[in-house]
Every structure is written in structure tokens, then in C-alpha cells.
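1. Here is a sequence with its predicted model. Questions after.
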Amino acid sequence: MAIIERPAPGTTVPALTPAAPAITPSRTYGALRRPVATTGWKSWLFTVDHKKLGLMYGATALFFFIVGGLEAVLIRLQLAAPDGKVLNADLYNQMFTMHATTMVFLFVMPMAAGFANYFVPLQIGARDVAFPRINAFGFWCLLAGGIVVNLAWFLGGAADGGWFMYAPNSGPVFSPSKGVDFWTLGLQIAGIASLTGAINLIVTVLNMRAPGMTLMKMPVFTWMITVVQFLLLFAVPVITVALFLLTFQRSFGAQFFDVAAGADPLLWQHLFWIFGHPEVYILILPSFGIISEVLPVFSRKPLFGYPFVVFSGAAIGFVGWGVWAHHMFASGLGPVSVAVFSLATMAIAVPTGVKIINWTLTMWGGKLVFTTAMKFAIGLVVLFTIGGLSGVTHSVAPSDTQQTDTYYIVAHFHYVLFGGAIFGIFSGFYYWWPKMFGKMLNERLGSWNFWLMVIGMNMTFGPMHILGLQGQPRRMYVWTEARAGEGFFNLGFWNLIASIGSLILTVGIGLFLINVVVTARSKVRAPLDPWNARSLEWMTSNPPKEHNFDSIPHVHHLDEFFHRKYEEDPTTHSMREVASAEDVLAELERNADQHIHMPSPSYWPLVLACGMPFVALGVIYSIPVAIAGGLIMLYALYGWALEPSTAPESDFDAPSSNGHAVGASHG
Amino acid sequence: MADTATHEAHVTSTGLSNVKLGMWLFLGSECLLFGGLISTYMLYRGRVSNGPTPEQIYDIPFTSVSSFVLLMSSLTMVLAVAAAHKKDDRGTNLWLTVTALLGATFVGGQVYEFTAFYNEGLGFTTSLFGSSFYTLTGFHGVHVTVGIIMLMALVAINKRSRVPGSKSETVEMIGLYWHFVDIVWIIIFTLVYLIPV
């Protein structure tokens, strides 16, 4: 609830008394009273708590991960043998389009947003984000967007133009089903989530750090998330333009991509990749951040070269804007453009290499602890390096023109996205699970989970290098025996290996889901500081209290939590423990703030986001529906504008006689 | 419209309020939105198919006048912000209303202009020039309209004394947005209307 009252020090009342049960809302904003539920589904639906929203982002992302994974398995089953019969050509097109769309926009991005929502405020010592209601609105937009994109499956077929949806191929002539319309409008709505999330998190990081936490004392995860939010802030509007142009062409007859009318077929490609290349760093940098937290903790050493890791992340963010046309080397850009983008692409390997060296040197000489989180982190370093090296081969334009649209490209980006982004995310699962749920994921199952994923991933995507260099094009729904080649380079053999690999991968990920269920049923609570961690998010209970910190910590060090637990021995220069995690928490509890004001739950973010799918469906089917959706949104904005983010006392009836006074004496 | 910080009197790390920083970031993002639209227009402005060319239909004196009106609305917006800082409620409401009226005059001019162009044969689907012209200027018009709605809503809420958070800051935020939309128009007016194809 909004206002948390603490008993005066010295009394014996239990530590925290959320004043919730006594509260009834009295004042209306836009015809609705404030939601007050603190338990049950209502407390989730109308929440503005960054931790709950983080979990909701995560759950949504995991759901779409399963959907996208099943789509991938269908693709591999189709390609396992020559002249596959599992899918027809049309369905195959929809499958690879939606697999990529789902994985990129509905799994990796929201999962990173989930981690960011949950852990950035904790890592900087804040009690919530800067704009809690906008935060909730962003989540509901993501969910609405995901639903709209996938609705097309049931309404005449999903989008079928590939995840980069090249126009004019995605125009009304070549993609006559409504799938592309659902895709453009759904991603438009999901884009609002990214944009609002970006503004919210940047303001949170810049403005709401605990006293003493300078930018260069922030954990690397927070740093990488910040870089990502800047990328989103400037990349999302560009795809917004592209999506609008395509919608206007398909729904209202505009000519933007109509080559017969003189349109430039490269317009979409430029707009898409100006967004699309920063996007790949949007996907990978959060995972870089996660393993930069995990590796030092399990190497029992501080991160090697912290400023280098931070600045190389920022450098990737900057240079990432100047490399988009390397996706277009085959389109005839001309030698100058090709040379410039080629060089820029080679240059971006430098800061990435710096990071890999720093991670390696963090482990060098450390007392390595091979937990599952650590294994996934090391897996990222290895697999991402392989993917990074094949990426460098793309920067060589003449070589890239050979590789364009072959399975070699597919191999490359799965090594960086699966081996990179997803391994980082799994590392984050195992590392932060006790923080989020108060229980540890099973390490034995985790080990199986990890090894099956490593084997499955290398069996699936490794052979694709060979397939690609042999010339198997991506996005072809069948391959034929007659052209499969012989001996070591036989396409049939490697396609079969890849398909078997994808099944192993499925089992590996299935073990993770089983692990989640097993952990949820287990009664064993996680210790307070299971990993002997270093950063501020571990300076809270498991899971954290609603207001995160009893008192806002004053930060003096990078790795503040570690430095509160350990001190350097002046004679031996080794670190010795001076306080346990419990001691550190007890210290915070002793100095606890008396009056903590948390932002109040609100109906409006949900109502506002609910209008969006109606607008989208209206654009596709009938304009009056869009107008109705617009009216819902207008109404929500009206209520939102009137309602203060943090509820004043006058919003609620006077507390009953036996209850504590609600926020009676705050300043 | 604007969320305040979790704590009203919260001291931020940068000294800027959350809302102000958030608004600046949003406007930074908007630059890229208009950047994309303007680039599309610049690419396509010469591609007229069988429709009219820019030179044939643009009425520079008319658009200059409506541009002047829009620029003047930035002046009245500044006066509204100044009045809000002086806690002068009547002045704030007055200047906000004048700003909204000037904005509405501009949008009215745009509606008139669109109608005139359409009658002269430039539809949304006539040519690449038509599609990109209406999209770019239309997006700007929608931004002005959203600004007008925010101004009028603020006046309405202010009259009932129900502005949440700091009133002068809310006026200032809408002011930032309004000035941004004006500046974008200066760029659009120069690139679209003044520079010949």
C-alpha cells in the first residue's frame, strides 16, 4: 500500500505494519477510486511496484520464449529431412517470421526489461522507479502488443515477411494476408513499452541513486541497462516511422514502398536497420551486464578493469549507430558506403573484445565457484566469442556478399543471441532467483540444464556454419536431396544433426521449467546471501520488502555490499570478514526510516493500455473500433492526469479507531 | 499527466526533477521520429508521378502567416510559464488559453491548406510526394493538436485547483513540449516549403 507506517523505535510491534486492511478509498479520480488491494490478483493487475512489474515482464517473456521455441522446433522438424512435409511453404514463412519476432521483441527484450525493472532500483539503492505508473503502462503495452502480433495466427495467418519485413515484399501485393498489419501495429504498441521504459529507467538511474553512488560506483548491470535504454530511446522512434509508413501503405493506400510509383526499395532497409542494428546491442548488452555481476561474485575477485568494461559498453552503444548498412552489403550501396560500414563494423569488435578480455582476467587467478549461474556466464564468454568471430567475417564485405541470406548468417546470430543473450539471461535466472523468490533453483537440475543447452545449442547452430558456406539459403522451406552434396559437406547429414540438436535444446530448456516447478514446491528457504555477493541488491531481504531498503544506504565503494562485509587486513593485505550479511541488514533496520511513501497502485495504466489493441484492430478492420479504443485511452488519460502518483491521505477514509493512523505525522 | 517522484520533495542526484529530465529524454526521442519522417519526405519530394509538384501547389505567403502564428504561440507559452512561476493563476490560465487558440489557428490553417491541396489534385495516394508530405505535416499537426488538448486540459484542471504535483512545473513541461513542436515546424517549414526541389 501507499504509505508504510513504522512503529517508533523501541516498541515491540513487528517490524512493519502495512496499513492496508484499514484503508478504504474515498476520493474519485476520473470516476474511479484508487485500488487498494494488497493481496490477490488485483494487487498484481493494478500494481505500480517495480518488483512485481519486473516479475510480470519476466513471466510474459518466458511464456513467449516457449511459444517462440516451439516455432523453432517446427522449423527444424521441417528441415530435418529433404522435401519436408511438416509445414507448407506459407506456414513455414509465418513460422520463421514469428519465431524471430517472438524471440527478439517478446522474449529477449521484455526479459531484459524485467531484470532491469527488478534490479536497477535495487542496485542503485532506490525504492522504486521514477515513473511507477508509466512503468506499469509499459508492461501492459508490451502484453497488448504481443497479443496483437500473435492474434494474427487465429485471424487469417501470421506475418510472413521475415523479422525485418523488407518492403516492398511486405506490401499488400506480396503479403496479402492481414498478418503483416497485425505485426506492424502490434510492434508499434510494444514499441511504446520500450520507449516509456527507456525514459523511465534513464531518469531512475540518473536521478534516484542512493547518496554517494556516483556513476562510476554503479554496478555494471545497471550501467549496461542504461546504455541499452539510450539505444532504445533513439532507435525505437526510427522503427516507429518505418512501421507507420508500412501501415499507411497497407491500410490507407500510401505509396511509400510502391516501386511502380517510383519508390525507393532501400528506404525500408535503411529505416529498419538504423533501428535494427542498435537493436542487436539492445539484445546483448543486458546479458553482458548480468555476467559482469556473476563472474566477479563466483571468481571471488572484483571485476577486472571496471571502467574499461563500462566505457567499452558505452562505446558499443555509440559505434552501434554507425554500422547498420552492413546488413545491406548485397543491396548495391556503392563502394564508399560499403567501405565505411565495413570499417566501422570491424571497429566495433574492439570494445567487444575488451569486454571479453576483462571477463577472462576477472576469472584469472580467482577462486572459481562453478555454480550454474557461473557456468552460464562462462558459456556466454565462450559462445559469444565464437559468434563474434563469425561476425567479424561479415564485416569483410566481399566475404559477406557470399554469406548473405545463407545459413552462415543464421549460425552467426544464433551464437551471439542464443549463446550470448540467452545464456546471460539464464545466468541471471540462477543468480537472482533466490533474490526474487527467496528460494534457490536446484543446482543439480541446473547443471543438467546447462550442459544440455550447451550441447544442444552447438549441435543446432554449429552445423549451420557448414550448411551456409555450402550455400543453403535461409528461409527456404525445403531442401532437396538432388542438390545436397556428398561426403562431409552433405546437407542432409548436417541438417539432421541440427534438428536433433534442437530437440536436445528443448529438453535442456524443459529441465529449466521443471526446475522452476520443483523450486516453487520446495519448502527450503534461500539463505540471505547465498552467493556471497557484492552489490546493493543483495543488501535486502529475500525477496526484498515492498520498500526495498529499510533505510537508504550511503554508498562509499563500488561493490558496496562486499565492502560492508569485508575489510582489508592492514598487515596481510588480504580481505577478512568483519560483518555477515545479517549484520549489514540489521544495521539498515536499526536506522530504518520512519515514514516511507511508496507510489500508489492505479487503474489507469491498465485502462490506457487496454485501448491500444482496439485502435490496432480498428485500423485493420473498421475505423469506428479504432475511435472507440481512442476514447478509452482519452478517458484513461483524463483519470491519470487528475490522480497524484503518491496518494495523499485525503484519498482514503479516516482509519478505523483501532488501526494505526495513516500517514498522520509525515512532513 | 506527469508522475511526480516517489517522494514529493525528493532530492534527485542530478538536481533536475524527474519529470523535467523525462520530458527532455522524450523530446530527444521525438527528434528521431521527425528525423525519419523528414528524411522520407526529402527522399520523395521530387517524385510526383502525374500529380502536382510542390511548386505548383505551395502557397508560401499563407503558410508563412500560419507559421508566424505558431511562433507567436511560443511567446504566449513563455508568458504562461512566467505567470505560473509568479503563482498568478488568472494570468496562467489566460496565456495558456491564448496559446491554445493560436495553436488552433495554426491547425485550422493546416486543415484549410490540406483541403486546398486536395482540391488541386494532391491526394494522400496521388504520388510519393503526396504520401510523404501529408504524413510529415500530418504528424506535426497531430503533435500540435495533442499540445492544444494538454493546454486546455491544464486550464480546466487548474480552474478546479486539481493539478497534481507542482503547478508551475506542469505548465513548464507542457511549455517544453510546445516549444519543441514549434522548433520542429521551423525545420519543416524551411525544408518542405522554402527550399526548392
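-> Received, thanks. Residues are numbered from 1 along each chain as shown, chains lettered A, B, ... in the order given.

2. alpha carbons only for contacts and neighbour counts from here, please
-> Fine.

3. for stretch B:80-100, what is the average pLDDT?
-> Rounded to a whole number, the mean pLDDT of stretch B:80-100 is 94.

4. Kindly report the same for stretch B:105-124.
-> With pLDDT averaged residue by residue, stretch B:105-124 scores 95.

5. Any residue of it touching chain A?
-> Yes: contact between stretch B:105-124 and chain A, assessed by Cα under 8 Å from any Cα of the partner chain, occurs at B:Phe124.

6. Please enumerate residues in contact with the least confident helix or strand in chain B by mean pLDDT?
-> The helix or strand with the lowest mean pLDDT-type score in chain B, counting by mean pLDDT, DSSP states H and E, is helix B:54-57 (a mean of 90). The set of residues that contact helix B:54-57 without belonging to it, under Cα atoms under 8 Å, 6 or more residues apart in numbering or on different chains, is B:Arg45, B:Gly46, B:Phe117, B:Glu120, B:Pro196, B:Val197.

7. Would you indicate which residues of it are buried?
-> Judged by neighbour count (16 or more other Cα atoms under 10 Å in any protein chain shown), helix B:54-57 contains these buried residues: B:Pro54.

8. Also stretch B:161-173?
-> Applying a neighbour-count criterion of 16+ other Cα under 10 Å, the buried positions in stretch B:161-173 are B:Val163, B:Pro164, B:Gly165, B:Lys167, B:Ser168, B:Glu169, B:Thr170, B:Val171, B:Glu172, B:Met173.

9. continuing past the least confident helix or strand of chain B, what's the next helix or strand?
-> helix B:60-85 (DSSP states H and E).

10. where's the one residue sitting closest to the centre of chain A relative to A:Asp593, distance?
-> Nearest to the mean C-alpha position of chain A, counting by Cα atoms, centre = their mean, stands A:Ala112 at 2.0 Å. Spatial separation of A:Ala112 from A:Asp593 under the definition Cα to Cα, to the nearest Å is 31 Å.

11. And for A:Met436?
-> 23 Å.

12. right, is the host helix or strand of A:Leu231 up against chain B?
-> Taking DSSP H and E as the definition, one finds A:Leu231 inside helix A:220-252. Yes: contact between helix A:220-252 and chain B, assessed by Cα under 8 Å from any Cα, occurs at A:Leu233, A:Phe234, A:Ala235, A:Pro237, A:Val238, A:Thr240, A:Val241.

13. So the fifth one sits against A:Ile274, correct?
-> Yes: between A:Val238 and A:Ile274 there is a contact under Cα atoms under 8 Å: 7.1 Å.

14. in the chain, what spans have low per-residue confidence?
-> This is for chain A. Filtered on pLDDT under 70, chain A yields the residue ranges A:1-22, A:654-667.

15. I was after chain B.
-> Scanning chain B with the threshold set as pLDDT under 70 gives B:1-10.

16. Can you report how many residues neighbour A:Gly365?
-> Residues lying near A:Gly365 (other Cα atoms under 10 Å in any protein chain shown) number 11.

17. And A:Val297, by the same measure?
-> If you count neighbours by other Cα under 10 Å, A:Val297 ends up with 26.

18. Okay, it and A:Val584: tell me how far apart.
-> Distance from A:Val297 to A:Val584, counting by Cα to Cα: 18 Å.

19. Next: B:Ile188.
-> The gap separating B:Ile188 from A:Val584 is 58 Å, by Cα to Cα.

20. When those two are compared, which one has more neighbours?
-> B:Ile188 (18 against 15).

21. Taking the stretch 401-550 of chain A, what residue is nearest to chain B?
-> A:His547 (10.9 Å; Cα to the nearest Cα).

22. ok so, going back, and after the helix holding A:Leu231, which helix or strand comes next?
-> Next along the chain after helix A:220-252, taking DSSP H and E as the criterion, comes helix A:266-299.

23. Wondering if that following helix reaches chain B at all.
-> Yes: applying Cα under 8 Å from any Cα, one finds helix A:266-299 in contact with chain B at A:Leu267, A:Leu271.

24. Give me the neighbour count for A:Asn88.
-> Under the neighbour criterion other Cα under 10 Å, A:Asn88 is assigned a count of 12.

25. ugh, typo on my part, it should be A:Ile23
-> Neighbourhood size, A:Ile23 [other Cα under 10 Å]: 18.

26. One more: A:Phe652?
-> Counted with other Cα under 10 Å, the burial measure for A:Phe652 works out to 19 neighbours.

27. Strands of chain A, start to end?
-> Secondary structure of chain A (DSSP state E): strands at A:3-5, A:17-18, A:28-29, A:32-33, A:566-568, A:575-577, A:595-597.

28. the strands in chain B, which residues?
-> When assigned using DSSP E, chain B turns out to have no strands.

29. Much appreciated, bye for now.
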